[in-house]
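1. Build the 3D model from these lines:
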Amino acid sequence: MSTSGKVAAAGVAAAIILFFTVGFWVGLLVLIGVPAAAYLMLDPSQRRRLRGVSKNRRRIGR
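-> Numbers count the residues shown, from 1 in each chain. Sure, this is the predicted structure:
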């Protein structure tokens with residue numbers, strides 16, 4: 001499994017644990033809020049590069 005896959009799996013596991021321990025809304029906030037906050041913390045050049053990578057992946061699949 002790739003590194004990003006491991007990170008995603010750990011995030012989902014943490015959100016599921018929060019769903020059962022703290023509550024649904026807190027778990028949902030963590031599941032959606034943490035990746036959004038990480039994206040917003042990137043520099044504009046890093047965001048552009050990240051968008052470019054996702055466009056290239058779409059082209060490879062064709």
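2. And the helices in this structure, which stretches?
-> Counting by DSSP state H, the chain has helices at residues 3-21, 24-40, 44-60.
3. any weak-confidence spans in the chain?
-> The model of the chain has pLDDT under 70 over residues 54-62.
4. repeat that for 90
-> Along the chain, the model assigns pLDDT under 90 to residues 1-20, 22-40, 42, 46-62.
5. any chance of the helices of the chain in CSV, with mean neighbour count too?
-> (Glycine included, C-beta is placed from N, CA and C.) Output for the helices of the chain, formatted as CSV (neighbours: other Cβ atoms under 10 Å):
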stretch, mean neighbour count
helix 3-21, 12
helix 24-40, 12
helix 44-60, 9
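6. ok, residue 15 - contacts?
-> Contact analysis of residue 15 by Cβ atoms under 8 Å, 6 or more residues apart in numbering lists 27, 28, 30, 31.
7. Let's see that with 6 Å instead.
-> Residues in contact with residue 15 (Cβ atoms under 6 Å, 6 or more residues apart in numbering) are 27, 30, 31.
8. hang on, the first one packs against residue 18?
-> Yes - with contact defined as Cβ atoms under 6 Å, residue 27 reaches residue 18; the gap is 3.7 Å.
9. Out of the contacts of residue 15, which is nearest to residue 4?
-> For the contacts of residue 15, the residue nearest residue 4 by Cβ to Cβ is residue 31; the value is 16.0 Å.
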